[in-house]
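A.B. asks: attaching a predicted model along with its sequence, questions to come.
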Amino acid sequence: MCGVAGIIKLKGEIQDTEINQLREGLKFQKHRGPDALGVWSDQKVALGHNRLSIIDLSTQANQPFSREDLQLKIIFNGEIYNYKELKKTLQEKQYTFQTSSDTEVILAAYKEYGEKVCNHLVGMFVFVIYDLQNQSIFVARDRFGEKPFFYLENSGTIYFASELKALQKTYNQKLTINQNAVFDLMENMYINGLHTIYEEVHLLPPGNFLKIKDGEVTISSYYSFPTKVKRKNSFEELKSEVKGLLYDIVEHELHADVPVATFLSSGIDSSLITAIAKELKPDILAVTMATAESHSDESPAATEFAKKLDIKQEIIPVDPGSLSVLGDLLSHVQPLADASLIPSYLVTKAVSGHTKVMLSGDGGDEVFGSYNKPNIYKEFGGSVGFWGKLAVKTALNSDSNNIDKYLSDKNRIKYAGWEGFYRKHNLSYKLGSQIFNSYRPQLQVLKEYKKIQRLYESNPEKSSFGVDINTRLPSDFLHKVDTAAMLSSVEVRAPFLDHRLVDLSLETDMSSLSPNGIDKEVTKSLLKEFTGDLPSKSKKGFSIPYLTFLQGAWGEILEGYLKDGKSIAYLGFNQKGILDLLNEFRNSPTQRIARVLFSVLVLEIWLRVFHLEQEVNLEPTH
């Protein structure tokens, strides 16, 4: 896992001052690769790299990496899990190799397969290849967005980086806050990948490649996840296939020239990955977070599981109440109001001294259950009418504290189908107008559903899989993991996001995936083979009690920030409206308003530590 950054000239030539800017940008993402820093340039292209050494620890594998005989150069962030098999195939085609790294394998594969190279790669990646022979650039991002690629174009020059702060420093010019992204974050607690916090900056979409030749920039898709059901195997046949594939995936993802550990919570996904890893690597270390709050502490159940399977375990106590941690995180990236960002960072930071690679259960919910929504749809959402949709739409725009109680997932799907379900977000129009001086609803998740619903006409119950994979998975969960782990210089691998496993699940009928209407029935059944039963308590997640914190110290800090007025000019906040809301919340707290106020606090902190680059005091005033 590493960091990439660079400058590409469509017009003119690169100047020494721009190379200096690139070096400055690389300093701001050094945590992504503290083991080596490299820069290469000619008159048209400058490539920069921060290296976190995982495979082939020798300096020979440092980047930018060159093969003069192939006339190719590369910078690469990620891991290619099938690189050994691919290398063997390329050797049979007479390619030779100077290193044992996966980076060099990508170069040879690009020489052999050209733009179709990504079809031969299994892994998570962003890479930039410079073809000196035809003066072209090829950039690719992995299928599900595990690795980020930010870029912008101005006056015939393209700037890019793995992190937004590194891009900002490399570009070294003023950027404009994107108000639509601010609205989007307030609605969903994350910014949809269709835009970024800055108007000028873009994210290369997952499963896409960008090509530059003769001054022309084109973006093309190389992967689309399946939307049609093609498999109707029995449950036992499916389970057997998933099991075999998972063992193969975990075995490949355990490979590294540095220590590897797993995340272990009380949930199904991390438990299953850890159990398989233990069979393949008996001395594997499982890392569990412990908190002082009983409602969020998963360590007792995780410890019980680890003892049952005789798994070596390390328990990391964390205190998620420190806002200074959030300030450190937000000083590098675009804002994210997923509260589990804080404990995710604290855990990876704690193990970074002895572990460079961790396996996680990320993606298990999206790939094998979609949070039980398809089962609910099959049972209740088959026939909805105009009046049901209208009633749900009207109710969702209400500010009643009972809305969340009455409009459960089941009821929204039952009375208004997928459209009713995806219409929900944190802000009613009235609440949005209280937060902002001028509010424009974004409804990005609903728009995504409407965009892809025709692809699911033959199997509408599986629509939520597509929405999950296109929205919250890359823009929230994977962004969170990449941010938290890379700031700790730790690489996190997600076996459930191997595209072969995703394709298998998405091509399979719900009657095979979930014959008894049980969420994640396949993975639960596989876990029972190890334990004989399932955890008695459900997963609690890496959540933090921000509702409680906002009633105390966090609320004081938020009030101070609101009163100094910076967010009125930069974020369009309605100062009086939010202060009134904060006072109402202190007297009568609700989870919905807590989500809104926490998102406001995140934006207030990000504005100062990232955009304005100010020193901040994240301690209460009294």
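C.D. replies: Okay, I see it.
A.B. asks: pairing partners for the helix or strand containing residue 209, with directions?
C.D. replies: Residue 209 belongs to strand 208-213 when assigned by DSSP states H and E. Counting by DSSP bridges, the strands paired with strand 208-213 are strand 136-141 (antiparallel), strand 216-221 (antiparallel).
A.B. asks: for that strand, the averaged confidence score.
C.D. replies: Computed over strand 208-213, the mean pLDDT rounds to 97.
A.B. asks: please apply the same query to stretch 219-236.
C.D. replies: Mean pLDDT, computed over stretch 219-236, is 94.
A.B. asks: still on that earlier bit, kindly export the strand holding residue 209 (C-alpha atoms) in CSV.
C.D. replies: Extracted in CSV, the C-alpha atoms of strand 208-213 (Å, rounded to 0.1, in the frame of the first residue of the first chain):
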residue,chain,number,x,y,z
ASN,A,208,-12.7,2.7,-14.7
PHE,A,209,-9.5,3.7,-16.5
LEU,A,210,-8.3,7.1,-17.7
LYS,A,211,-6.2,7.4,-20.8
ILE,A,212,-4.3,10.4,-22.0
LYS,A,213,-2.9,10.5,-25.6
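A.B. asks: so what touches it?
C.D. replies: Applying CB atoms under 8 Å, 6 or more residues apart in numbering, the contact partners of strand 208-213 are 8, 10, 115, 118, 134-141, 151, 158, 204, 217-222. No exception for glycine: its C-beta is placed from N, CA and C like everyone else's.
A.B. asks: which among those residues end up buried?
C.D. replies: Buried members of those, scored by 16 or more other CB atoms under 10 Å, are 8, 118, 137-141, 151, 158, 204, 222.
A.B. asks: make CSV out of the residues you listed and add distance to residue 299.
C.D. replies: Below are those laid out as CSV (distance: CB to CB, whole Å):
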residue, distance to residue 299
8, 48
118, 40
137, 47
138, 45
139, 42
140, 39
141, 35
151, 41
158, 47
204, 38
222, 42
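A.B. asks: just the closest of those to residue 441, please.
C.D. replies: Closest to residue 441 out of the buried ones among the contacts of strand 208-213 is residue 204 (26.7 Å), distances taken as CB to CB.
A.B. asks: ok, that closest one touching residue 221?
C.D. replies: No: Residue 204 lies out of contact with residue 221 (CB atoms under 8 Å); the separation is 11.0 Å.
A.B. asks: before we move on, the earlier item: dump the strands paired with strand 208-213 to CSV, plus distance to residue 516.
C.D. replies: Formatted as CSV, the strands paired with strand 208-213 follow (distance: least, CB to CB, whole Å):
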stretch, distance to residue 516
strand 136-141, 38
strand 216-221, 36
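A.B. asks: in what helix or strand does the residue nearest to residue 581 when sequence neighbours are not counted lie?
C.D. replies: Excluding the flanking residues, the one nearest residue 581 by CB to CB, 6 or more residues apart in numbering is residue 434, at 5.9 Å. Using DSSP H and E, the element containing residue 434 is helix 429-435.
A.B. asks: let me see the contact set for residue 285.
C.D. replies: 259, 261-262, 312-314, 355.
A.B. asks: from those residues, which land in strands?
C.D. replies: Counting by DSSP state E, those place 261-262, 312-314 in strands.
A.B. asks: make a PyMOL selection of whichever of those residues turn out to be buried.
C.D. replies: Applied in PyMOL, the following selects the buried portion of the ones in strands among the contacts of residue 285 according to 16+ other CB under 10 Å:
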select buried, resi 261+262+313+314
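A.B. asks: residue 526: which of the ones in strands among the contacts of residue 285 is nearest?
C.D. replies: Distance ranking of those against residue 526, using CB to CB, places residue 262 first at 15.8 Å.
A.B. asks: how close does that closest one get to residue 435?
C.D. replies: According to CB to CB, to the nearest Å, residue 262 and residue 435 sit 40 Å apart.
A.B. asks: quick one: contacts of stretch 244-253?
C.D. replies: 79, 81-82, 122, 272-273, 276-277, 279-280, 359, 493, 495, 498, 500-501, 504, 526.
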